[in-house]
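Asker: give me a 3D structure for the following:
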Amino acid sequence: MSKKWSASDRTRTYTYIFPMLGGNYQEFKYVINAYLYDSNNSLQDKIFILLYRDSKNIEEGKDFIRREKIIKIDPNFYSMYDLTDNYKMYCFNIPLKWKPAYYLFKQGKYSKFPDIYKRHLLRFHNLTIKSEVGKVLYRAEEQYEKWEKILKTQISRKQEIGDMPDILNRETFDRSMLFTESGFWK
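Answerer: So this is what the prediction gives:
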């Protein structure tokens with residue numbers, strides 16, 4: 001049995017850091033999520049990408065193997081390890097040209113990303129400046145107004161409008177995420 005992952009399960013790492021690997025969303029067919037850390041791994045300054053494939057589906061398996069070969073020749077590819085028969089974790093170095101944005105992300109300073117990276121990120125996810133992510137990147141006034149109304153308080157325009165990444169919890173992969181209550185792998 002496999003877990004049905006939804007967009008709400010996606011991390012901020014998936015949204016803001018995963019695009020550093022290049023390409024676009026459609027090229028990464030088997031990606032479930034992206035993380036800054038793996039709780040069972042001491043690597044630092046890496047991007048951890050969780051992939052799923054149905055090990056019983058032969059055609060999907062052939063496509064997965066073909067795509068995996070492409071992933072492994074990526075200049076930023078660092079390592080890969082199996083979590084289960086169906087789940088694999090791929091680890092990538094942060095591309096040198098995007099390291100400043102990576103460190104800004106960890107501080108929650110999305111609007112400080114270089115403009116070239118903001119445009120790349122939006123293109124990667126096929127989004128526009130008017131999307132929720134675009135509004136965070138470009139600190140849209142309407143986002144401040146929206147949150148002021150919800151929170152019933154004034155928000156300084158010097159403050160970022162996006163939430164800080166939850167590095168210790170949501171942005172760190174933990175193998176327990178793959179277990180069901182009955183103890184079987186999802």
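Asker: return the residues in contact with the spatially closest residue to residue 174 that is not a sequence neighbour.
Answerer: Distance criterion CB to CB, 6 or more residues apart in numbering; nearest residue to residue 174, sequence neighbours excluded, is residue 39 at 4.5 Å. Placement of C-beta: from N, CA and C, glycine included. Counting by CB atoms under 8 Å, 6 or more residues apart in numbering, residue 39 makes contact with 172-175.
Asker: pLDDT check: weakest of those residues?
Answerer: Ranked by pLDDT, the contacts of residue 39 bottom out at residue 175, which has 79.
Asker: wait, doesn't it sit right on residue 40?
Answerer: Yes - between residue 175 and residue 40 there is a contact under CB atoms under 8 Å: 6.4 Å.
Asker: the two: which has the busier surroundings?
Answerer: More crowded of residue 175 and residue 40, by other CB atoms under 10 Å: residue 175, with 14 against 11.
Asker: quick one: the more buried one from residue 169, how far?
Answerer: 14 Å (CB to CB, to the nearest Å).
Asker: mind checking how far the longest helix seen in the chain is from the chain centre?
Answerer: When the chain is parsed with DSSP state H, its longest helix is helix 58-72. With CA atoms, centre = their mean, to the nearest Å as the basis, helix 58-72 stands 21 Å off its chain's centre.
Asker: hmm, who's touching it?
Answerer: Contacts of helix 58-72 (CB under 8 Å, 6+ apart): 29-30, 51, 53-55, 77, 80, 90.
Asker: could you do stretch 126-139 as well?
Answerer: 15-16, 24-25, 110-111, 113, 118, 121-122, 125, 140, 142-143, 157, 160-162.
Asker: then stretch 163-171?
Answerer: With CB under 8 Å, 6+ apart, stretch 163-171 has contacts from 11-13, 16, 35-37, 105-108.
Asker: may I ask which two of those residues are separated the most?
Answerer: Farthest pair in the contacts of stretch 163-171 (CB to CB) is 35 and 107. Separation: 17.5 Å.
Asker: which members of the contacts of residue 39 are the farthest-apart pair?
Answerer: Checking the contacts of residue 39 with CB to CB, the most distant pair is 172 and 175, at 11.1 Å.
Asker: the bottom helix or strand of the protein by mean pLDDT?
Answerer: Within the chain, judged by mean pLDDT, DSSP states H and E, the helix or strand with the poorest mean is helix 58-72; its value is a mean of 81.
Asker: so after it, what's the next helix or strand?
Answerer: strand 77-82 (DSSP states H and E).
Asker: adjacent strands (with direction) for that next one?
Answerer: Its sheet considered, strand 77-82 pairs with strand 87-93 (antiparallel) by DSSP bridges.
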